[in-house]
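> Structure for this input, please:
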Amino acid sequence: MSVENLLKKCEEFQWDKGNEFKNWEAHSVKRTEAEQVFFNHPLLVFDTYSQNDEQRFIALGVTSSGRFLTIVFTIRKKKLIRVISSRDMSRKEKKEKHMKSKTKKVPKFKSEDQEREFWAKNDATDYFDLQVGKKMNFPNLKPSTQTISLRLPEDLLEEIKVMANKRDVPYQSLIKILLREGLDDDSTA
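Predicted coordinates for the structure are as follows:
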């Protein structure tokens, strides 16, 4: 299976105690910011090296707020993206014209923590040829969600349900759409 086909089958992110907060603690990168890189353009993905029989990829992309990030990740269970490391791009990584062939070999790591520490201090351009990066999109990938309890006045909920029925969408989806539109309007104001 080609790398592009493998990545396009990704559907979700895998977060746990091993990777959820470590990038925040080390680089002030929230997991939601790391996820945004996979939904925004441009996104360059590099098929890089293997670690403990898992293929590693590097993504160079931008968050919704314009922050440029370098993300090292792997694919688990053929559909889960597990972020190993996320940090701000170096100046060299940001330069599109900086293209050279691989000069250094990526070491073997004993753990994800050791791998995360390595990528916190090393520049991807020292290890990978940026010319071979592929512009990618992930058509099946969904952002992580969190269940919340929301109390609404009954009349407001009924109005939302009527509006959702007119638009032929579930009312919960309409609530998400309206929240996103409100946030987008507020950010442009």
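> gap between Arg31 and Ser144?
7 Å (CB to CB, to the nearest Å). C-betas here are computed from N, CA, C, even on glycine.
> Counting neighbours, go ahead and name the busier of the two.
Arg31 (18 against 12; other CB atoms under 10 Å).
> how about that one, what does it touch?
For Arg31, the contact set (CB atoms under 8 Å, 6 or more residues apart in numbering) comprises Phe13, Trp15, Glu20, Asn23, Trp24, Val83, Ser144.
> same check, this time on Tyr49
Gln55, Arg56, Val106, Tyr127.
> Run through the bridge partners of it.
Arg56 (DSSP bridges).
> So which of the contacts of Arg31 are in helices?
Taking DSSP state H, the ones among those that sit in helices are Asn23, Trp24.
> Please report how far the spatially most central residue of the chain lies from Ala59.
For the chain, the residue nearest the mean C-alpha position is Glu35 (2.7 Å; CA atoms, centre = their mean). Distance from Glu35 to Ala59, counting by CB to CB: 11 Å.
> what do you get for Pro170?
If you go by CB to CB, the gap between Pro170 and Ala59 works out to 32 Å.
> ok, the two, which is more surrounded?
Ala59 (23 against 12).
> show me the contacts for that one.
Contacts of Ala59 (CB under 8 Å, 6+ apart): Val37, Phe38, Leu43, Leu44, Val45, Phe46, Leu69, Thr70, Ile71, Phe73, Met136.
> of these, closest to Lys176?
The closest of the contacts of Ala59 to Lys176 turns out to be Phe38 (CB to CB; 18.7 Å).
> is it true that the closest one touches Asn140?
No: using CB atoms under 8 Å, Phe38 makes no contact with Asn140, being 11.1 Å away.
> Between the two, which is the more surrounded one?
Phe38 (22 against 11).
> Okay, Glu35 and Thr63: tell me how far apart.
In terms of CB to CB, Glu35 sits 9 Å off from Thr63.
> tell me the secondary structure for Asp47?
strand (DSSP: H, G, I helix; E, B strand; the rest coil).
> count of residues packed around it?
17.
> Need phi/psi at the nearest residue to it once chain neighbours are set aside.
Nearest in space to Asp47, with sequence neighbours left out and distances taken as CB to CB, 6 or more residues apart in numbering, is Val3 at 4.6 Å. Val3 adopts backbone torsions of phi -60, psi -40, taken as degrees, to the nearest 10.
> Give me the sheet partners of the helix or strand of the chain with the lowest mean pLDDT and which way each runs.
Scoring the helices and strands of the chain by mean pLDDT, DSSP states H and E places strand 134-135 at the bottom, with a mean of 76. The pairing partners recorded for strand 134-135 under DSSP bridges are strand 44-51 (antiparallel).
> Now do the buried residues in the partner strand.
Leu44, Val45, Phe46, Asp47, Thr48, Tyr49, Gln51 (16 or more other CB atoms under 10 Å).
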